[in-house]
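Asker: make a model of this:
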Amino acid sequence: MFNPFPLNKAERRKRLEYRCEHRHNGISHNKCYDRAYDVEEKIGFFDIETSNLSGDFGVILSYCILGNDNKLIKRIITPEEIKKGIFDKELTKQLCVDLRKFDRVIGYYSSRFDGPFCRTRCVFWGHDFPLFKEIRHTDAYMLIKHKFNLHSKRLGVVAPFFGIKAKGHPLNPEVWFRCMSGDKKALEFVGKHNEEDVNSLKQLWERIENFTKLQDSSL
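Answerer: Next up is the predicted model:
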């Protein structure tokens, strides 16, 4: 299923007016259109920070999506949202909007954590999380797991192996506890850590992408 959400009005009209060899428009036969106009996917490098490893016990503290154009989308839960008890309700609502700005998101261990956690939180709040095949998804962790032999698959270990600068804002339990009390500085620290992760992920992908072929897996 083609995702029309990233299209602006002019792009949408152009696709609707297009007819391919199969007599379809550029939305119903988006791959024909993409080949004809050499359209590149809108890719976002995606990562979240959470208060717990389980989506029914934890909340999303922040998320970042870094585009191929290096434009960053970033949202951090606010102290007011924590103190009011709505936690990540508005954050996850905005997340659904921001994810749809991309044709594909690339994460790290995202098929087993980030994606399921976000879906769980959005379903909990009744938000419209992207459906099957709506947004394509690639998990860079799987490429590292199957194509390389490192003693650890953690991004903090993998990134330096490829010459990518280590994080300047490593997390510790004290920061985590302060976040859950609504401490603004701690939340900003987590947000910065989150931002460093997507920057590291984008640099990592640029070093390993030629070892695989992008598949049409779904977020």
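Asker: what is the least confident helix or strand in this protein?
Answerer: The least trusted helix or strand in the chain, going by mean pLDDT, DSSP states H and E, turns out to be helix 30-37, with a mean of 76.
Asker: check which residues of that helix are buried.
Answerer: Of the residues in helix 30-37, those buried by neighbour count under the rule 16 or more other CB atoms under 10 Å are 30, 32, 33, 34. C-beta here means a position set from N, CA and C on the backbone, and glycine is covered the same way.
Asker: could you dump those to CSV with distance to residue 184?
Answerer: Below are those laid out as CSV (distance: CB to CB, whole Å):
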residue, distance to residue 184
30, 43
32, 50
33, 46
34, 44
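Asker: I would like the residues contacting the least confident helix or strand of the chain, please.
Answerer: With contact meaning CB atoms under 8 Å, 6 or more residues apart in numbering, helix 30-37 is reached by 2, 15, 18, 20, 21, 22, 24, 25, 26, 27, 39.
Asker: make it 7 Å
Answerer: The set of residues that contact helix 30-37 without belonging to it, under CB atoms under 7 Å, 6 or more residues apart in numbering, is 2, 15, 18, 20, 22, 26, 39.
Asker: just stretch 147-161 next, same as before
Answerer: The set of residues external to stretch 147-161 that reach it, using CB under 7 Å, 6+ apart, is 108, 141, 144, 145, 166, 167, 197, 200, 201, 204, 211.
Asker: who's in contact with residue 101?
Answerer: The contact partners of residue 101, taken as CB under 7 Å, 6+ apart, are 5, 6.
Asker: could you look up the SS state of it?
Answerer: State at residue 101, reduced to three classes by DSSP: H, G, I helix; E, B strand; the rest coil: coil.
Asker: where's it relative to residue 140, distance?
Answerer: Computed as CB to CB, to the nearest Å, the residue 101 to residue 140 distance reads 20 Å.
Asker: show me what the residue nearest the centre of the chain bridges to in the sheet.
Answerer: A centroid search over the chain (CA atoms, centre = their mean) returns residue 46, at 2.4 Å, as the residue closest to the centre. In this structure, residue 46 has the following beta-bridge partners (DSSP bridges): residue 65.
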